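J.: my questions are about this predicted structure, shown below with the sequence.
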Amino acid sequence: MANARENHREDVAGRANVEDTPELLAYYDQLERLEAGALWTVANKIEPWQPKSSSVPVLWRYQDLREHVLRSVDLVTAEKAGRRVIYLNNPGRRDVAAAVGWLYSGLQVMHPGEVASAHAHSASALRFIMEGSGAYTIVDGHKMTLGANDFVLTPNGTWHEHGVASDGTPCIWQDGLDIPLVNALEANFYAVHPDLQQAVGHPVDDVTGTWGHPGLRPAAGDWAKGYSPLLKYEWGPTYEALQRYGKVTDGSAFDGILMNYVNPATGGPVMQTIGASMQLLRAGEHTKAHRHTGSFIYQVAKGRGHSIINGKRFDWRERDIFCLPAWAWHEHANASDSEDACLFTFNDLPVMRSLGLYREEAFGEADGQQPVSA
Ligand SMILES: [Fe+2]
Ligand SMILES: [Fe+2]
């Protein structure tokens, strides 16, 4: 019986292995003219033994991108550009403007006093605030004020707009969306609000006042929509929660102290297609390697260190962004022996899990860490 290693060969019994003959090539031509084809010519490609991501791991250094993001303010107006965003373009995914897999990411800049027009789309979106003060987002009439390392949702179908208060400072944030996924599913709608701006219909920051209390929910807090009613997750309580959890757990060998942002009404992911987490790597921590399905975008919220992805080392510092393709080996290390480091991530795990596609595997070597090739 063939063992597992032999099964990874492309020509084992049960896998397509048909040699071309003049007669077969003519036959393939005839099928092609009928918009058809012989499965055995593509079967090994479309049914790989394991996931083969076309994305490559990439680190986007904030110190390289920041000046270009700011320069867009001089080059295009907010009105003409719609949104002033520099998107992150994975070399393997240029055809769909994805940062990794089916996830989009971009860096958006807004100046004090600027307001974007309200709109809605089927793609789910989030933003993670990188710098500046005075930023706000309005989602379905709920206005939220935003500071550095805050994370805010603009879910599928909601009216939303962003701006920066006139007494604020230039703001840059990361936009994360599932645009490539929703376009691949051919399900994306986009609409501009009929009034261009929406009215604020609730007290400012009512979402955190209502839903942002650990272990408590309002007695009258009914919520049946497919996304979290909390909408905004502030850095302060998130970091405090990680520190407190870190005092009472050994954490995960693969992720250190990892906590998921959740929908407080269900305990499930923040949105139907996008999940998000914050993880804390303790001083000197170097995790073991593992791999899993799902694509991830990491943003460094605090500290510095490195990650090894499929044997390649990526050194990161605060505000850098890097991506993890599906089924790629990965491990993380905090460079400091005295300070913790925090990594924000968003991912398509809700899609993987709800479709029954999540798989995970630990790296098999003795110390659980990868040899580094570059
Ligand atoms: Fe949007
Ligand atoms: Fe992981």
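T.: The structure has been received and is ready for your questions. Ligands and ions are numbered 1, 2, ... in the order given.
J.: residue boundaries of the strands in the stretch 1-150 of the chain?
T.: Taking DSSP state E, counting those that start in this stretch to define them, one finds strands in the stretch 1-150 of the chain at 59-60, 85-87, 104-110, 119-121, 125-131, 135-139, 142-146.
J.: tell me which of these approaches A36 most closely.
T.: Nearest to A36 among the strands of the stretch 1-150 of the chain is strand 104-110; the distance by C-beta to C-beta comes to 33.9 Å. To be clear about C-beta, it is placed using only N, CA and C from the backbone, and glycine gets the same treatment.
J.: which elements pack onto that closest one?
T.: Counting by 3 or more C-beta pairs under 8 Å, 6 or more residues apart in numbering; DSSP states H and E, the packing neighbours recorded for strand 104-110 are helix 62-75, strand 85-87, strand 160-164, strand 171-177.
J.: direction included, what does the helix or strand encompassing C342 pair up with?
T.: Remark: C342 resides in strand 341-347, with elements defined by DSSP states H and E. Listed by DSSP bridges, the sheet partners of strand 341-347 and their directions read strand 275-281 (antiparallel), strand 296-302 (antiparallel).
J.: of those strands, which approaches R61 most closely?
T.: Of all the strands paired with strand 341-347, it is strand 296-302 that lies closest to R61, at 10.3 Å by C-beta to C-beta.
J.: what are the ranges of the strands in the stretch 151-300 of the chain?
T.: 151-154, 160-164, 171-177, 190-192, 232-233, 257-260, 275-281, 290-292, 296-302.
J.: thinking H193 is in contact with A116, fair?
T.: No - when contacts are counted by C-beta atoms under 8 Å, H193 is not listed as touching A116 (10.6 Å).
J.: compare neighbour counts for those two and give me the winner.
T.: More neighbours sit around A116 than around the other of H193 and A116, counting by other C-beta atoms under 10 Å; the figures are 21 against 14.
J.: how close does the more buried one get to G168?
T.: Taking C-beta to C-beta, to the nearest Å as the measure, A116 falls 14 Å from G168.
J.: and for I179?
T.: With distances defined as C-beta to C-beta, the gap from I179 to G168 amounts to 27 Å.
J.: who has more neighbours, the two?
T.: For I179 against G168, the residue with the higher neighbour count under other C-beta under 10 Å is I179, and the figures read 24 against 19.
J.: now do the same contact list for the more buried one.
T.: A97, Y104, A123, N188 (C-beta atoms under 8 Å, 6 or more residues apart in numbering).
J.: and which of these is nearest Q63?
T.: Y104 (22.5 Å).
J.: per-residue pLDDT, that closest one?
T.: At Y104, the pLDDT value in this model is 98.
J.: residues contacting it?
T.: Here Y104 is in contact with Y87, A97, A98, A123, D175, G176, L177, D178, I179, P180 (C-beta under 8 Å, 6+ apart).
J.: gap between the residue nearest the centre of the chain and S54?
T.: Taking C-alpha atoms, centre = their mean, the centroid of the chain lies closest to F346, which sits 3.3 Å from it. Applying C-beta to C-beta, the value for F346 to S54 is 20 Å.
J.: residues near G226, how many?
T.: Neighbourhood size, G226 [other C-beta under 10 Å]: 16.
J.: rewinding a little: which one of the helices and strands packed on strand 104-110 has the most crowded surroundings?
T.: Using mean count of other C-beta atoms under 10 Å, the stretch among the helices and strands packed on strand 104-110 with the greatest mean number of neighbours is strand 171-177 (a mean of 24).
J.: what pairs with that one, parallel or antiparallel?
T.: In the sheet, strand 171-177 lines up against strand 104-110 (antiparallel), strand 125-131 (antiparallel) (DSSP bridges).
J.: select, out of the ones you listed, the one closest to I309.
T.: For these, proximity to I309 was assessed by C-beta to C-beta; strand 104-110 is nearest, at 16.3 Å.
J.: circling back: closest one to V207 among the strands of the stretch 151-300 of the chain?
T.: Of all those, it is strand 232-233 that lies closest to V207, at 5.7 Å by C-beta to C-beta.
J.: which other helices and strands does the closest one contact?
T.: Taking 3+ C-beta pairs under 8 Å, 6+ apart as the contact cut, strand 232-233 packs with strand 151-154.
J.: each with direction, which strands does the strand it packs on pair with?
T.: Each strand that pairs with strand 151-154, with its direction, by DSSP bridges: strand 125-131 (antiparallel), strand 232-233 (antiparallel).
J.: just to revisit the earlier point, mind putting the strands paired with strand 171-177 into a markdown table with distance to A224?
T.: Converted to a markdown table, the strands paired with strand 171-177 look like this (distance: least, C-beta to C-beta, whole Å):
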| stretch | distance to A224 |
| --- | --- |
| strand 104-110 | 28 |
| strand 125-131 | 21 |
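J.: tell me which of these is the most buried.
T.: Neighbour counts (mean count of other C-beta under 10 Å) averaged over each of these peak at strand 104-110, with a mean of 24.
J.: relative to strand 135-139, how tilted is it?
T.: If you take axes from the mean of the first three to the mean of the last three C-alpha atoms, to 10 degrees, strand 104-110 sits at 120 degrees to strand 135-139.
J.: could you report the distance from D337 to P112?
T.: Plainly put, D337 is 40 Å away from P112 if you go by C-beta to C-beta.
J.: which ones are touching the nearest residue to S53 once chain neighbours are set aside?
T.: Setting aside the residues directly before and after it, S53 is nearest to P325 in space (C-beta to C-beta, 6 or more residues apart in numbering), at 3.7 Å. Taking C-beta under 8 Å, 6+ apart as the criterion, P325 is in contact with S53, S55, V56, P57, G92, V100, G101, S295, I309.
J.: next one: S336
T.: For S336, counting by C-beta under 8 Å, 6+ apart, the contacting residues are A283, G284, G303, R304, G305.
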